[in-house]
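Undergrad: sequence first, then the predicted structure, then my questions.
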Amino acid sequence: MIKLEEVTKKNYLNCLSLKLSKEQQGLIASNAFSLAQAKFHPECSPYAIYKDSKMVGFLMHCIDEDDNNHWIWRLMIDTNHQGKGYAYQAMMMIIDKIKEDKTRDRILISFVPGNKAAEALYKKLGFVHTGRYIDDEKIMQLKY
Ligand SMILES: CC(C)(COP(=O)(O)OP(=O)(O)OC[C@H]1O[C@@H](n2cnc3c(N)ncnc32)[C@H](O)[C@@H]1OP(=O)(O)O)[C@@H](O)C(=O)NCCC(=O)NCCS
């Protein structure tokens, strides 16, 4: 079973040890960077993704200060655990959680153009292209 748990002092070292291939490292900020960011941006919520008791990935939700929308700022699955449906399940979980917020109506996410896995994943989850970019990344959104 997949579950999301907040990153705390009990599990952050495990989170820092999650790995991506060399090629994938250019697609996303490191978990170390993201955890530093979360420390100074209280609007960010970092989550560890667990398969049973094993940490297999990381995601970071944020309510962006600029547009006041829900964003998934980071999503990664350790290279040894990719292709097993974990990112999809973790995203479904965070999306369900976000949907409880009736004061907002959309979730945004961005990816480096050419990141085919991310684009296919987000489409499968119902995200659509906005035609907009942020920091050279393509923005997709899911209205709820
Ligand atoms: C993108 C990423 C999170 C996907 O994680 P994952 O657990 O392997 O994905 P899942 O097994 O849940 O796959 C769900 C869907 O994503 C898409 N997908 C996943 N990997 C894919 C690949 N290598 N090529 C094409 N589509 C892919 C498919 O649509 C897949 O559905 P399907 O199995 O029915 O075809 C993972 O590859 C990763 O961590 N990449 C590096 C970091 C990154 O790019 N993060 C996104 C930043 S925006």
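TA: Noted; the coordinates are in hand.

Undergrad: can we go C-alpha only for contacts and neighbour counts from here?
TA: Fine.

Undergrad: quick one: the strands in the chain, in order.
TA: 2-6, 44-51, 54-63, 70-77, 106-111, 128-134, 137-143 (DSSP state E).

Undergrad: any chance of these in CSV, with mean neighbour count and distance to the ligand too?
TA: Below are those laid out as CSV (neighbours: other C-alpha atoms under 10 Å; distance: least, C-alpha to the nearest ligand atom, whole Å):
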stretch, mean neighbour count, distance to the ligand
strand 2-6, 17, 11
strand 44-51, 22, 10
strand 54-63, 22, 8
strand 70-77, 22, 3
strand 106-111, 22, 4
strand 128-134, 13, 12
strand 137-143, 18, 9
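
Undergrad: turn the ones you listed into a markdown table, including mean pLDDT.
TA: Converted to a markdown table, those look like this (pLDDT from 0 to 100):
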| stretch | mean pLDDT |
| --- | --- |
| strand 2-6 | 98 |
| strand 44-51 | 98 |
| strand 54-63 | 98 |
| strand 70-77 | 98 |
| strand 106-111 | 98 |
| strand 128-134 | 98 |
| strand 137-143 | 98 |
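
Undergrad: tabulate the ones you listed (TSV), appending distance to Ala118.
TA: Below are the strands of the chain laid out as TSV (distance: least, C-alpha to C-alpha, whole Å):
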stretch	distance to Ala118
strand 2-6	19
strand 44-51	17
strand 54-63	13
strand 70-77	9
strand 106-111	7
strand 128-134	12
strand 137-143	11
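
Undergrad: can you say which of those is nearest to Ala29?
TA: strand 70-77 (7.7 Å; C-alpha to C-alpha).

Undergrad: quick one, what contacts the spatially closest residue to Val112 that is not a sequence neighbour?
TA: In this structure, Val112 finds its nearest non-sequential neighbour in Glu137, 4.7 Å apart by C-alpha to C-alpha, 6 or more residues apart in numbering. Each residue near Glu137 by C-alpha atoms under 8 Å, 6 or more residues apart in numbering is listed here: Ser110, Phe111, Val112, Pro113.
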